[in-house]
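Please work out how this folds:
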Amino acid sequence: MKSSRRAGFTLLEVAVATLALGSIGYVLTFAFKASVDSQREITLRASEHRVVRAASRALLDELASAGDETVVFASGPQDGVVVPPTLRFQTRIEVDGAADFGLLHLGVPRAGWTFEYAVEEPASSADERRLVRRVVDADGTVQSSQIVVRGVRDQAAEPPGFQVVKTGDLWEVTLSTEAIGTRDGVEEVFHVRARN
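Okay, the predicted model is just below:
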């Protein structure tokens, strides 16, 4: 007596195996995409935080070397004109052996020159509010300008985009950026004592 068995799988077994492998493949693809998206999000957030921290540190270093009496922060209506949030200050320098106020620009002491950190409003709907660092000469001409932070929050927001307040002998500086999509904005608040 011979028994005849065929080797192989039935159509139903192949269909079930294909469905199971397809489901596993779909789940793995979805998990991989979620992992890549998560990594991209973390990288973007870290980059945004790094930019704001670097700008804050640079501002902190410059403001710490400023002559306290030269520090001026203006924002809002001033003499009938709306002034964007603007911080101006000079550092103590030595010119020809004499102490003076100004700044070092390209390694040269410049008496009467000023650092200016100002918020610029967007020029178009495709643009964004930004904090700009300028070097302004004694005649009021901008000698150099660079964007230090993009996406600065509006002044009416809580916390405001850029604000400098004197509290006792310390200056409290707030710098915050807008939330983008699901990402929270970045907020840096630091205190600095300007030189007397």
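
from here on, contacts and neighbour counts on C-alpha atoms
Noted.

For this protein, which segments count as helices?
With DSSP state H as the criterion, the chain has helices at 11-64.

In contact with the residue positioned nearest the centre of the chain, which residues?
The residue lying closest to the centre of the chain (C-alpha atoms, centre = their mean) is Val52, at 3.4 Å. Val52 makes contact with Val149, Leu175, Val186, Glu188, according to C-alpha atoms under 8 Å, 6 or more residues apart in numbering.

Now, the residues you listed that are in strands?
Here DSSP state E is the test, and the contacts of Val52 give Val149, Leu175, Glu188 as lying in strands.

Could you save these as JSON lines and add columns showing neighbour count, pLDDT and distance to Pro160?
Formatted as JSON lines, the ones in strands among the contacts of Val52 follow (neighbours: other C-alpha atoms under 10 Å; pLDDT from 0 to 100; distance: C-alpha to C-alpha, whole Å):
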{"residue": "Val149", "neighbour count": "22", "pLDDT": "85", "distance to Pro160": "14"}
{"residue": "Leu175", "neighbour count": "23", "pLDDT": "85", "distance to Pro160": "7"}
{"residue": "Glu188", "neighbour count": "17", "pLDDT": "79", "distance to Pro160": "11"}
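
Out of the residues you listed, which comes closest to Asp79?
Leu175 (25.5 Å; C-alpha to C-alpha).

For that closest one, list each beta-bridge partner.
Phe162, Glu188 (DSSP bridges).

Any figure for the gap between it and Ser75?
Separation of Leu175 from Ser75 (C-alpha to C-alpha, to the nearest Å): 14 Å.

Next: Ala138.
With C-alpha to C-alpha as the criterion, Ala138 and Ser75 are 22 Å apart.

More neighbours: which of these two?
The neighbour count for Ala138 versus Ser75, taken as other C-alpha atoms under 10 Å, is higher for Ser75 (17 against 13).

tell me the contacts of the closest residue to the more buried one other than its chain neighbours?
Nearest residue to Ser75, sequence neighbours excluded (C-alpha to C-alpha, 6 or more residues apart in numbering): Pro85, at 4.3 Å. Applying C-alpha under 8 Å, 6+ apart to Pro85 gives the contacts Phe73, Ala74, Ser75, Gly76, Ala118, Val119, Gln155, Phe162, Gln163.

for this structure, what are the low-confidence residue spans?
For the chain, applying pLDDT under 70 flags the ranges 1-6, 44, 180-183, 195-196.

Could you check how many residues crowd around Glu120?
17.
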